[in-house]
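Visitor: coordinates for the following, if possible.
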Amino acid sequence: MFLLIDTANIDVIAKAMESFPLAGVTTCPTIIVREKRPLWDILKDIRSLIGNERMLHAQVMGSTAEEILKDAVALRSHVDGNFFVKVPVTLEGFRAMPMLRREGIAFTATTIHSASQAILAAEHGASFLAPYINHIEDANESGAALVRQVVDYLASRHLDSKLLAASFRNVHQIMDVLSAGAHTVTLDPPLLWKMAEHPQTDASVAKFRAAWSGFYGEEKNVSNL
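Guide: Take a look at the predicted model:
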């Protein structure tokens, strides 16, 4: 599984890299604007922090296929390394996808809310398919079922697209889509840390510490016995 963090905050990314096996960073226009800094400075700083091998995803803002292509070319020219242009699965987005392929620009199909949208993007050669799980489930549909359907289709057609599940409300949703076959997930920072937490783990460690300290002393660890 690839694990990505969905943020453009440099401090948060740096902190996450200390604890988690991050394969990269995803951003979106809302996340970018939240930083209140120039776009190119944000993307440059993220790339400098994570290195060229980790993935970085950033989104176009053009409305027509031609505008999307211009945005994609601009993004690709400003961002080095393992980079993917995020393209919404609008009709113009689908029209832009073969243009991007001809230019050799790798792209992630985003804002996916149905299996059919994911399949169309996969057939267009998207590197990643990003369904919005929380939005899908808010519409009383199963995010895990969509993931399973798309992953099965990719396998049956021998397509290279990877399913990058996004937009989660809780850890339960994350585990459901991973169990359904999602290749990767991108998580906002609070959920990323939530994956690592459990009150019973803290309770177990506290018991170990109490027993240890009762015999060896409060200040003693293995290294300073």
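
Visitor: longest helix anywhere in the chain?
Guide: Criterion DSSP state H: the longest helix present in the chain is helix 199-216.

Visitor: the host helix or strand of Ala58 packs against which elements?
Guide: Taking DSSP states H and E as the criterion, Ala58 maps to strand 55-59. Secondary-structure packing of strand 55-59 (3 or more Cβ pairs under 8 Å, 6 or more residues apart in numbering; DSSP states H and E): strand 2-6, strand 22-26, helix 39-50, strand 83-88. Just so you know, the C-beta spots here come from the backbone N, C-alpha and C atoms, and that holds for glycine as well.

Visitor: mind running it again at 7 Å?
Guide: Packing partners of strand 55-59 (3 or more Cβ pairs under 7 Å, 6 or more residues apart in numbering; DSSP states H and E): strand 22-26, helix 39-50, strand 83-88.

Visitor: next helix or strand past the shortest one?
Guide: Pointing back at strand 22-26 there. helix 29-34.

Visitor: name the residues that touch that following helix?
Guide: Residues from elsewhere that reach helix 29-34, judged by Cβ atoms under 7 Å, 6 or more residues apart in numbering: 6-8, 39, 42, 59, 61.

Visitor: ramachandran angles for the residue most central in space within the chain?
Guide: In the chain, the centroid-proximal residue (Cα atoms, centre = their mean) is Thr186; its distance is 2.5 Å. Backbone torsions for Thr186, taken as degrees, to the nearest 10, come to phi -120, psi 130.

Visitor: so what's it up against?
Guide: With contact set as Cβ under 7 Å, 6+ apart, Thr186 has these partners: 4-6, 26, 164, 166.

Visitor: and Ile174, by the same measure?
Guide: 168, 185, 187, 195.

Visitor: show the pLDDT at it.
Guide: At Ile174, the model reports a pLDDT of 97.

Visitor: how about the one 10 residues further on?
Guide: You'll see Thr184 listed with a pLDDT of 97.

Visitor: skip the chain neighbours and tell me the closest residue to it.
Guide: In this structure, Thr184 finds its nearest non-sequential neighbour in Phe2, 3.5 Å apart by Cβ to Cβ, 6 or more residues apart in numbering.

Visitor: thought Thr64 was touching Thr90?
Guide: No. Counting by Cβ atoms under 7 Å, Thr64 stays clear of Thr90, with 9.8 Å between them.

Visitor: re earlier: between the contacts of Ile174, which sits nearest Tyr153?
Guide: Among these, Val185 lies closest to Tyr153 (Cβ to Cβ), at 19.0 Å.

Visitor: which element is that closest one on?
Guide: strand 184-187.
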